[in-house]
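1. coords please:
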Amino acid sequence: MKLMFSEWYGKNFDLLISKLKAKDIDTEIIESLYPALEISALKLFDAKAISKLQKLKWNYWLLGKKSETYHLQNKNIEYDVILWPSQPKHYTLQLPVYHQLKKLNIKVAFVTNTRLLQEDFKRDKVDYIEIIIHKIFKTRFKQFLQNIKIAKQAVDFPVFDTGKHKIHFESIIRDTLTYREPCDKSAAIYELIVSHYKPKMIFLGYCFSTVAFSIDRKCRKDFILTGTLQMGRLNYYFFKYSSLDIYYGYGKDISNNIAKTTNTVSTVEVGSLKMEVTMQSAGKSEVQALINKIHETYKTIGLIAFSGPGLAVSFKGHEENLTIVKEAITAHPEVFFVIKFHGKDHLHYYTEIKQLPNVYIIDQAHPIYKFDIMHLIKLCDFLISGASTTLMEASYWYKPAISVDKLGELKTIELATEDFIYKCNNQSNLNQSIDSILKKDAVNINKLELMKEYSDRSFTKSEHQPSELVALDVQKRIA
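-> Purely as a prediction, here's the structure:
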């Protein structure tokens, strides 16, 4: 049913775009919000629709709260390449590229729509375009009317019946439009920058964020190249809605899969920036100290890293997965399990698990949480996840990987179907998989051979660092 639902809202989205264009209604904002549309759709599928109070708060924010205007602190911004992170992890990966570009004497600087990242720019003494924000009392009445116009076009679309409740596509659109603020903000900053100087290339953060979708469209119109760095596994269908020019990917598998999806994106295989950064990043000694302490009592350490409920896994699916994980932890008292949270995960899902003696939880409040999970992957003996990027990263270090999917929600995610992964949808599967890894049996040996094949296909490994390969490619393209 979930697959039928995704096909339903995908077709309706395409129909909506056609309808808006036919009526000469601007489609730029709703097209850039496609990643948010998927989040909104799955919220309604799980009966988590926006409440009346939330709707009132949203309309109050549009019509009653102060707006923002943006100004440049220094108008001398003649940079050929601009790096635009919107989250700390984007900045972490872009920073070595910045230093490589500087070595090539390319005029490069950072910019962001996030105030905290501007503080990071100052701390690291990098060149950046400082954006000054002023609050003014100016309602977003234009956006309010635009939202009504867009949603109104979806009123008569067919309804989806889950068997428990009905979902109107108009409701999905209305919820999606509540995610527009970062897009509007980024668009305003972009227009401000290009009104003073037009760069040759802009590096976006995560390529499938609403911010990236908003900016890459504008860049395409202005003949500015856009590029981004791979941060993990991909949902390739997103490329259908992207205007990205260049994708700096891990390796051959990424190139082949993008080529099957689109011919508008040029893929350059550079290897993993995440691996490069991890080798030199903070947290290595802290994680090593933790693992050394555990090894005083336990020989084997399993790492558990779920993404939490969201796009791929429902709230119920996440809870069901953790139910069988708890039983597996109890059945293997000789193994110590470290659980590293993702931003979407929450401690209340682990009420029973956290009471087990062979468990250590690193939640958002833990001092180690801020460090890259790669340190833990490298030092643990095996990994349990759903379909997160950690499965791919485990293959880099040849760490046995288990995917838990009790409700079968991950069948459409290509990474979770790879042969090197132990696939578990019940208690017995999971126990057998852990036993196979502990015993290093024939199944385990075969899985590791398949993992090496996958890793060799997926990760380009060169005498040059990935950041250096990216910079050299940028140099050619902007010359």
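
2. so where's the protein uncertain?
-> Within the chain, the ranges that satisfy pLDDT under 70 run 311.

3. now do the contacts for the closest residue in space to Gly232 that isn't next to it in sequence.
-> Nearest-residue entry for Gly232: Thr389, 2.9 Å, with adjacent residues in sequence omitted and distances by CB to CB, 6 or more residues apart in numbering. All C-beta atoms are positioned from the backbone trio N, CA, C, and that covers glycine. By CB atoms under 8 Å, 6 or more residues apart in numbering, the contact list for Thr389 reads 231-233.

4. list just the nearest of the residues you listed to Tyr298.
-> Looking at the contacts of Thr389 and their distance to Tyr298, the nearest is Gly232, at 28.8 Å (CB to CB).

5. distance of that closest one from His346?
-> 21 Å (CB to CB, to the nearest Å).

6. swap in Tyr206?
-> 22 Å.

7. same check, this time on Asn358
-> Asn358 is 22 Å from His346, by CB to CB.

8. and Leu101, by the same measure?
-> Distance of Leu101 to His346, given as CB to CB: 39 Å.

9. longest helix in this structure, please.
-> Secondary structure assigned by DSSP state H gives helix 2-22 as the longest helix of the chain.

10. would you mark the buried spots in the next helix-or-strand element following it?
-> Sequence-wise, the next helix or strand beyond helix 2-22 is helix 28-32, with elements assigned using DSSP states H and E. By 16 or more other CB atoms under 10 Å, the buried positions in helix 28-32 come out as 29-32.

11. by how many degrees do the next helix or strand after helix 28-32 and helix 2-22 diverge?
-> Following the chain from helix 28-32 toward its C-terminal end, the next helix or strand by DSSP H and E is helix 34-45. In terms of direction (axes from the mean of the first three to the mean of the last three CA atoms, to 10 degrees), helix 34-45 departs from helix 2-22 by 130 degrees.

12. helices or strands up against the helix or strand following helix 34-45?
-> The C-terminal neighbour of helix 34-45 among helices and strands, as given by DSSP H and E, is helix 52-64. Packing partners of helix 52-64 (3 or more CB pairs under 8 Å, 6 or more residues apart in numbering; DSSP states H and E): helix 141-152.

13. packing partners of the following helix or strand past the helix it packs on?
-> For helix 141-152, the following helix or strand on the C-terminal side (DSSP H and E) is strand 160-161. Contacts defined by 3+ CB pairs under 8 Å, 6+ apart place strand 160-161 against helix 2-22, strand 166-167.

14. what's strand 160-161 in contact with?
-> The list of residues contacting strand 160-161 from outside it, by CB under 8 Å, 6+ apart, reads 5, 8-9, 166-167, 169.

15. most neighbours, which of the residues you listed?
-> Greatest neighbour count in the contacts of strand 160-161, by other CB atoms under 10 Å, goes to Phe169: 26 neighbours.

16. correct me if wrong: that one contacts Asn12.
-> Yes: A contact is recorded between Phe169 and Asn12 when judged using CB atoms under 8 Å, the distance being 4.6 Å.

17. residues in contact with the closest residue to Gly249 other than its chain neighbours?
-> Leaving out its chain neighbours, the residue that sits closest to Gly249 by CB to CB, 6+ apart is Gln230, at 4.7 Å. Contact criterion CB under 8 Å, 6+ apart gives 247-250, 254, 272-273 as the residues in contact with Gln230.

18. can I get the residues you listed in TSV with neighbour count, distance to Phe315 and secondary structure?
-> Supplementary listing: these in TSV, determined by neighbours: other CB atoms under 10 Å; distance: CB to CB, whole Å; DSSP: H, G, I helix; E, B strand; the rest coil:
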residue	neighbour count	distance to Phe315	secondary structure
Tyr247	23	32	strand
Tyr248	26	34	strand
Gly249	26	32	strand
Tyr250	28	31	coil
Ile254	23	31	helix
Ser272	25	31	coil
Leu273	24	32	helix
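
19. ok, so of these, who is nearest Lys378?
-> For the contacts of Gln230, the residue nearest Lys378 by CB to CB is Ser272; the value is 12.9 Å.

20. so Pro309, which state does it fall into?
-> Secondary structure state of Pro309, per DSSP: H, G, I helix; E, B strand; the rest coil, is coil.

21. mind listing what's buried in stretch 131-151?
-> The neighbour-count check on stretch 131-151 (16+ other CB under 10 Å) flags 131, 140, 143, 146-147, 150-151 as buried.

22. how long is that stretch end to end?
-> End-to-end span of stretch 131-151 (CA to CA, to the nearest Å): 33 Å.

23. contacts for that stretch next, please.
-> Counting contacts by CB under 8 Å, 6+ apart, the residues outside stretch 131-151 that touch it are 16, 20, 25-26, 29-30, 59, 61-64, 66-73, 111-113, 115, 118, 170, 173-174, 177, 180, 184, 189, 192.

24. buried ones among those?
-> Restricting those to buried positions leaves 16, 20, 29-30, 62, 67, 70, 72, 111-113, 118, 170, 173-174, 177, 180, 184, 189, 192, with burial counted as 16+ other CB under 10 Å.

25. just the ones of those in strands?
-> Counted as lying in strands by DSSP state E, out of the buried ones among the contacts of stretch 131-151, are 67, 70, 72.

26. wait, which of the residues you listed is closest to Thr297?
-> Taking CB to CB as the measure, Tyr70 is the one of those closest to Thr297, at 54.6 Å.
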